[in-house]
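Student: following is a predicted model, sequence given first.
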Amino acid sequence: MKKSVNPKRLFAIVLSLVMIAGLFAGCSDKGESAGSAARGSSASGSAAGDAAAGEARPDTIEITNVSYDPTRELYAEYNEVFAAHWLEETGQTVVVTQSHGGSGGQARAVIEGNEADVVTLALEGDVDAIRKEGLIDEGWLSELPNDSSPYTSTIVFLVRADNPKGLQDWDDLVKPGVEVITPDPKTSGGAKWNFLAAWAFSDQNYGGDEEKNTQFVKDLYANVTVLDSGARGSTTTFVENGQGDVLLAWENEAFLAIEEHPGEFEIVTPSLSILAQPSVAVVDENARKHGTEEVSEAYLEFLYTDEAQRIEGKYYYRPSNQEILEEFSDVFNLEIKLVNITDDFGGWDAANEKFFNDGAIFDQIYAREA
Amino acid sequence: MPKRAMGTNTGRSIRRRRNQVIPGFGLSMGVTIFMLSLIVLIPLASVFVVLSGATPQEIWKAITDPQTVSTYKVSFACAGIASVVNVVFGILLAWIITRYKFPLRRVLDGLIELPFALPTAVAGISLTTLYSDKGWIGGFFAKFGVMISYTTIGITIAMIFIGIPFVVRSIQPVLEKLDPQYDEAASVLGASKARIFFKIIFPEITPAALTGFGLAFARAIGEYGSVVFIAGNIPWKTQITPLIIKSKLEQFNYTAATSIALVMIIFAFCVLFGINTLQARINRIAQG
Amino acid sequence: MKRNGVQLILILLGAAFVFVMLILPLITVMTYALRQGWETFAEAITDDYAVKALKLTGFSTVITLAVNTAFGVFASWAIAKFAFRGKQVLTTLIDIPFSISPIIAGLIFILVFGRIGWAYPLTESLGVKVVFAVPGIVLATIFVTFPFISRELIPLMQAQGNEEEEAAALMGAKGLKIYRRITLPHIKWALLYGVILCTARAMGEFGAVSVVSGHLRGKTNTLPLHVEILFNEYKLTAAFAVSSILVVTAIIIMILRNIVEYKLKKEEG
């Protein structure tokens, strides 16, 4: 009996090996065929797909743009415009694959192996995290104009129609009985702007006293009834489920919410807010590997052209080109005073350390009440 | 076969004897271990690979951080309550589906897997809408001053939602196999319905119910997508452990994230192991 | 069977539970999906990317089912029919994927196959991309649904006992024959339940897949991920419309299963 067991065990192992190998083969075939189809079509005739882009340009080139959440419509339109431009310029068809998700998570995915050619993320800090891993060359921030942010946004208040609580500025939000909805800056990168904007308001209005600032944000977050994990969750909480009196939101997202529910909400611009600068960069290592450096750079540079700036404005991002921004003065409140992360907070590393890392100010304001 | 005598035998002698009778131990065991290792154990081991780069103090600090500990309480308490509710209603549902004929029974049966098929985010949003103070159910309770969405009650509800199929589908096959003539005979002999249920049916389905409990519980503590919308995520009050893991990852703190994950894995392992052992013991008694 | 008071109460109680916990959320989904009319609904579900996502979901579900069914059959045989040391440990290890937070389930594959993972140099030299590509999605789906089928079979096979198989074996029947003739007829419904559960869960799995997918539109987006992206783009209606495909598919499978089961059982007498 014992003898007959051994060959069977062997058989079992062989069988399962074959099965698993088959699975892997099947999957990788699939995975590769997707990749090689793209690259294959780029290799006109001969197998020049992997070869460096060199002299002859392939007919088709593919790049991946890893972006953050509500930029899909912007890039859907932009990609078409850019492809037309690139075709005219070089005779090459460019196909852009988009990826959207939470900004921090997207940055992590690139670090963990998602092979983006360009990243267009919500925070400079997220792009910089990729640089720290050596995927983006040093000095990316000054590679493109305006700290590599072709468009900006800011933090505004979204309130219910006719503003029943009369909320006009940040100091209204700390009053007792006002319910505030904002996401958790520890899980949502975008929510860090909200916190910093509130801090900046207090800093400028209460004499720059750290203790007063801390108390101010503490009072503000004491009024927060739902601290969603992401910006989109907060919007749903406020818009769909009717929670709270005010939502702290990116300006472009506030506009999107109004678009979905016309007449139900309005935007209040506070006296002071923060210049939210989404950052863009070429992921140099991946672009080199794919031979897409040229097109990737052109892709980002084109974001600064007048045509592209107008598309950005159309999707409620503030164009970085002042002249074109003026064209949208009926959409955006241009009176708002904006602080920015570099001058007022000493950059993201400093801000994260001071406010958002474990045990820093944000954790302190939520220290256990007991 | 004299089962009782077997129970007193050593494991070794059981194995030898069983092996001689039923074929396929080597084959099935080989495949099982191999696939388990490849798909579950080896990937899981990477948690330890990451943790091996950290000092014990770092790990300890991450898992005993007071705010993190407060999330364990929320996650485990809500999951526990949700699983108990699920067992009660799971038995009830499995019972009426297998034993009674009523209109739309098959539709009801078909709805049980719904929580699996619904993407968790969608489930979360729907439940939150439904149970918020502006929603159909939440609005009703709000009149009595009971808030459901954004409280621990809401978290529990979401956990009940995702766990119910486990319990029903664990119990259902056993009930179907259980011959109804069994209890009909008993009722002819004059036993009351309740007595039949607790004396005859209940012991039969206990192992399956335990399995269902364990699975529902394990799933509930790990669940993220559907719970995170209905939880208010207020630190110390309505934050769940998976959210803390996410926030650690957001800070690129893999050590802390995996440490906390390990705590959850170990805890779940203990619960499931306890249940499996209990179940095996019950089986042995039932057969003996 | 005659209806009596207790029965009625039990049925009503069960129906009430199902109504509140399952049907109302379902209605909520459908209301959202249709609140901007059929046109938006149809647009959302025939969108190019939605169709691609559907195909990928189908592909990974089929592979997952094949792998997990094979595993379930072997594992349940080994565990239910034999006594051996460490059985409880083994059973519990099989259950582990249930208890792992989806975020972690995804993360472990990143830690193995990702750029920071220990198997990365190997897969890179082979030119295979595992995570942020289709294989990673399939692996993550297999992982989260790994125990489903075996967990359905084990309790039932244990409750069944070994007498029949032992008798058949003593009479000289071979393994496969015993399985087909004796074991399978007893467990086929449980196996079917397991397969259905596994299908539903594999189709709907979001968390783990989300971590390993990279969200590449048209390439590595499954249906649930597509739903999430729509949601994040403030396309709530479209998001719910697409998820209604998942839900309706699931319910249809469930009802079909029920009818098949009913017919077959009737034939068996």
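Tutor: Yes, it's here.
Student: for chain A, see how far away B:His277 is.
Tutor: His isn't right for residue B:277; it's Thr. B:Thr277 sits 27 Å away from chain A, going by CB to the nearest CB, to the nearest Å. C-beta: built from backbone N, CA, C; applies to glycine.
Student: and that residue, which of the three is it?
Tutor: Put simply, B:Thr277 is helix when judged by DSSP: H, G, I helix; E, B strand; the rest coil.
Student: list the contacts of it.
Tutor: C:Gln88 (CB atoms under 8 Å, 6 or more residues apart in numbering or on different chains).
Student: just the CA trace of stretch B:253-269, in PDB.
Tutor: The C-alpha trace of stretch B:253-269 is given here as PDB (Å, rounded to 0.1, in the frame of the first residue of the first chain):
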ATOM      1  CA  ASN B 253       4.700  53.100   6.400                       C
ATOM      2  CA  TYR B 254       4.700  49.500   5.200                       C
ATOM      3  CA  THR B 255       6.000  48.200   8.600                       C
ATOM      4  CA  ALA B 256       3.100  49.700  10.600                       C
ATOM      5  CA  ALA B 257       0.600  48.600   8.000                       C
ATOM      6  CA  THR B 258       1.800  45.000   7.900                       C
ATOM      7  CA  SER B 259       2.200  44.800  11.600                       C
ATOM      8  CA  ILE B 260      -1.400  45.800  12.200                       C
ATOM      9  CA  ALA B 261      -2.500  43.400   9.400                       C
ATOM     10  CA  LEU B 262      -0.600  40.700  11.100                       C
ATOM     11  CA  VAL B 263      -2.500  41.300  14.400                       C
ATOM     12  CA  MET B 264      -5.700  40.900  12.500                       C
ATOM     13  CA  ILE B 265      -4.500  37.800  10.700                       C
ATOM     14  CA  ILE B 266      -3.400  36.200  13.900                       C
ATOM     15  CA  PHE B 267      -6.600  37.100  15.600                       C
ATOM     16  CA  ALA B 268      -8.700  35.800  12.800                       C
ATOM     17  CA  PHE B 269      -6.600  32.600  12.700                       C
END
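Student: got the contact list for that stretch?
Tutor: If you take CB under 8 Å, 6+ apart as the criterion, stretch B:253-269 is touched by A:358, B:44, B:47, B:50-51, B:53-54, B:58-59, B:62-63, B:68, B:72, B:75-76, B:217-218, B:221-222, B:241, B:244-245, B:248-249, C:92, C:96, C:98-101, C:104, C:107, C:111.
Student: got the buried residues for that stretch?
Tutor: Using 16 or more other CB atoms under 10 Å in any protein chain shown as the burial criterion, the residues of stretch B:253-269 that qualify are B:253-265, B:267-269.
Student: now, of the contacts of stretch B:253-269, which are buried?
Tutor: Judged by 16+ other CB under 10 Å, buried ones among the contacts of stretch B:253-269: A:358, B:44, B:47, B:50-51, B:54, B:59, B:62-63, B:68, B:72, B:75-76, B:217-218, B:221-222, B:241, B:244-245, B:248-249, C:92, C:96, C:98-101, C:104, C:107, C:111.
Student: in strands, which of these appear?
Tutor: Per DSSP state E, strands hold no members of the buried ones among the contacts of stretch B:253-269.
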